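A.B. asks: sequence and predicted structure are below.
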Amino acid sequence: MREIPYNYTSATDRQLLSYLLGEDNARMLDELRDVRVTGRSARLLMRSIGALLIHRRNPYLYQDLVDSPLRRTRLFKQVSSDFDVIEGSAKGEQRVL
């Protein structure tokens with residue numbers, strides 16, 4: 001089952017996480033996945049990673065992001081908002097923070 005939206009590659013979500021975030025962070029996410037309660041933070045994180053992935057892999061979307069300050073601002077605002085929710089629900093868990 002894929003958790004990262006827009007992952008239309010042959011790579012697994014785990015491989016993409018390792019590529020984008022590094023092996024240590026991917027391993028930490030695996031640990032957190034085992035203890036998650038609702039999964040809301042994980043979904044928000046995967047949504048942000050999916051947005052990063054699609055813009056990184058698609059040169060047309062990437063260029064549109066570069067050329068459009070409004071589009072860039074909306075993307076960064078959404079990601080920032082998602083990270084604020086994740087931080088707020090971390091309950092002091094340092095690995096989440």
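C.D. replies: That came through, no problem. Here the structure is a predicted model, which means the values were calculated and not measured.
A.B. asks: so residue 27 is in which element?
C.D. replies: helix 23-35 (DSSP states H and E).
A.B. asks: ok, then the element right after that helix?
C.D. replies: Immediately after helix 23-35, counting by DSSP H and E, sits helix 40-57.
A.B. asks: residues in contact with the helix holding residue 27?
C.D. replies: Contact with helix 23-35 is made by 14, 17, 18, 21, 42, 45, 93, 95, 96, as judged by C-beta atoms under 8 Å, 6 or more residues apart in numbering. No exception for glycine: its C-beta is placed from N, CA and C like everyone else's.
A.B. asks: sort out for me which of those are in helices.
C.D. replies: Here DSSP state H is the test, and the contacts of helix 23-35 give 14, 17, 18, 21, 42, 45 as lying in helices.
A.B. asks: which of those residues scores worst on pLDDT?
C.D. replies: Note: of the ones in helices among the contacts of helix 23-35, the lowest pLDDT belongs to residue 42, at 87.
A.B. asks: ignoring the adjacent residues along the chain, who's closest to it?
C.D. replies: residue 36 (5.8 Å; C-beta to C-beta, 6 or more residues apart in numbering).
A.B. asks: roughly how far does the one you found sit from residue 60?
C.D. replies: 35 Å (C-beta to C-beta, to the nearest Å).
A.B. asks: and what of residue 88?
C.D. replies: With C-beta to C-beta as the criterion, residue 88 and residue 60 are 35 Å apart.
A.B. asks: by contact count, what packs against the single longest helix found in the chain?
C.D. replies: Looking across the chain with DSSP H, the single longest helix is helix 69-88. Using 3 or more C-beta pairs under 8 Å, 6 or more residues apart in numbering; DSSP states H and E, the elements in contact with helix 69-88 are helix 40-57, helix 59-67.
A.B. asks: apply 6 Å and report the result again.
C.D. replies: With contacts taken as 3 or more C-beta pairs under 6 Å, 6 or more residues apart in numbering; DSSP states H and E, helix 69-88 sits against helix 40-57.
A.B. asks: list the buried residues in the helix it packs on.
C.D. replies: Buried residues in helix 40-57, defined by neighbour count with 16 or more other C-beta atoms under 10 Å: 41-42, 44-55.
A.B. asks: which one of the residues you listed is nearest residue 82?
C.D. replies: Nearest to residue 82 out of the buried residues of helix 40-57 is residue 44 (C-beta to C-beta; 4.1 Å).
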